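Engineer: Sequence and computational prediction follow.
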Amino acid sequence: MNPLCGRCNKVVYPTEKVNCLDKFWHKGCFSCEVCKMTLNMKNYKGFEKRPYCNAHYPKTSFTSVADTPENLRLKQQSKMQSQVLYKEDFEKNKGKNFSAVADTPEFQRIKKTQDQISNIKYHEEFEKSRTGGESPSPQTNTFQGFHQQSVEPHNYHYDPSPEPTRHAAPVTPNAGGKRFRAVYDYAAADEDEVSFQDGDVILDVQQIDEGWMYGRVERTGQQGMLPANYVEAM
């Protein structure tokens, strides 16, 4: 069966058939869509499966190309990628300001103090389990009571230091004082205090009050005030 012409929609016989742009044409019907100039296989230009001469071939602008479905999809995809990158960068840098605050000397001191408190709590639990659940010593109770008061914020400024509150000035040690052994590390907070490490022997110890003592560190030779709940009698 003979096909129909792409322009006049009449039967195209083999002797006058032109096969182009996925259609069949009469030789006289294969002409420009605008000026109707008869075309051939050498001088035609196809656009949307319609023949055009060189002068009337549709010129596509950048705007029409940018508005195609493919370019609109690419534009939307690029926008989504930009939003994803922004969210990733935001999540990556979200905690940097907090880190800068946490690295200040004040926060470092608080962190060190909390570590000391945790170490003390661990030793208290260990001693309690070793002695069969006996209640802690009065010195430990004193320290715990002080800690509960000190960690409560007051106008957002507080000092959670583990030392009990002093109640008396240091006294000069007498010869023949008691010997104690340090059970925790301690760093002096004032000029009249003395620093020591876990296991140091404290000589010539004199009791000042329920929370503080006065003594001399055998390892360093330094003497001064020290918290009573950081040492134990030998």
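Structural biologist: Cool, got the structure.

Engineer: CA only for contacts and neighbour counts going forward, please
Structural biologist: OK.

Engineer: Domain-wise, how is the chain divided?
Structural biologist: 62-93, 99-150, 178-233 (automatic domain parsing).

Engineer: what's the neighbour count on Met37?
Structural biologist: Using other C-alpha atoms under 10 Å, the number of residues around Met37 comes to 14.

Engineer: I should have written Ser118 there, sorry.
Structural biologist: 12.

Engineer: in what helix or strand does it lie?
Structural biologist: In the assignment (DSSP states H and E), Ser118 maps to helix 105-130.

Engineer: before we move on, the earlier item: so of the domains of the chain, which one's packed in deepest?
Structural biologist: domain 178-233 (a mean of 19; mean count of other C-alpha atoms under 10 Å).

Engineer: mean confidence for that domain?
Structural biologist: What domain 178-233 shows for mean pLDDT is 91.

Engineer: for that domain, how far is the first residue from the last?
Structural biologist: One end of domain 178-233 sits 8 Å from the other (C-alpha to C-alpha, to the nearest Å).

Engineer: Quick check: phi and psi on Asn2?
Structural biologist: With angles defined as degrees, to the nearest 10, Asn2 sits at phi -70, psi 140.

Engineer: now it: how far from Pro227?
Structural biologist: Distance, Asn2 to Pro227, by C-alpha to C-alpha: 113 Å.

Engineer: Same question for Val217.
Structural biologist: According to C-alpha to C-alpha, Val217 and Pro227 sit 13 Å apart.

Engineer: Pass me the low-pLDDT residue ranges in this protein, would you?
Structural biologist: Along the chain, the model assigns pLDDT under 70 to residues 60-67, 94-104, 130-177.

Engineer: Grab the nearest non-local neighbour of Met234.
Structural biologist: Phe180 (5.2 Å; C-alpha to C-alpha, 6 or more residues apart in numbering).

Engineer: any idea which helix or strand carries Met225?
Structural biologist: strand 223-227.

Engineer: Which strands and helices lie in contact with the following helix or strand past that strand?
Structural biologist: With elements assigned by DSSP H and E, the helix or strand that comes after strand 223-227 is strand 231-233. Applying 3 or more C-alpha pairs under 8 Å, 6 or more residues apart in numbering; DSSP states H and E, one finds that strand 231-233 makes contact with strand 178-182.

Engineer: what distance separates the strand it packs on from the centre of its chain?
Structural biologist: Counting by C-alpha atoms, centre = their mean, to the nearest Å, strand 178-182 is centred 46 Å from the centre of its parent chain.

Engineer: partners of it, with directions?
Structural biologist: Using DSSP bridges, the strands paired with strand 178-182 are strand 201-207 (antiparallel), strand 231-233 (antiparallel).

Engineer: Helices along the protein, start to end?
Structural biologist: Counting by DSSP state H, the chain has these helices, from start to end: 62-66, 69-93, 96-102, 105-130, 138-150.

Engineer: How much space separates Ala189 from His123?
Structural biologist: Remark: distance between Ala189 and His123 (C-alpha to C-alpha) = 22 Å.

Engineer: typo on my end, Lys75
Structural biologist: Distance from Lys75 to His123, counting by C-alpha to C-alpha: 64 Å.

Engineer: repeat for Glu48
Structural biologist: 87 Å.

Engineer: Quick check: bridge partners of Val11?
Structural biologist: Leu4.

Engineer: What residues does it make contact with?
Structural biologist: By C-alpha atoms under 8 Å, 6 or more residues apart in numbering, the contact set of Val11 is 2-5.

Engineer: and if we set it to 10 Å?
Structural biologist: By C-alpha atoms under 10 Å, 6 or more residues apart in numbering, the contact set of Val11 is 1-5, 17, 24-26.
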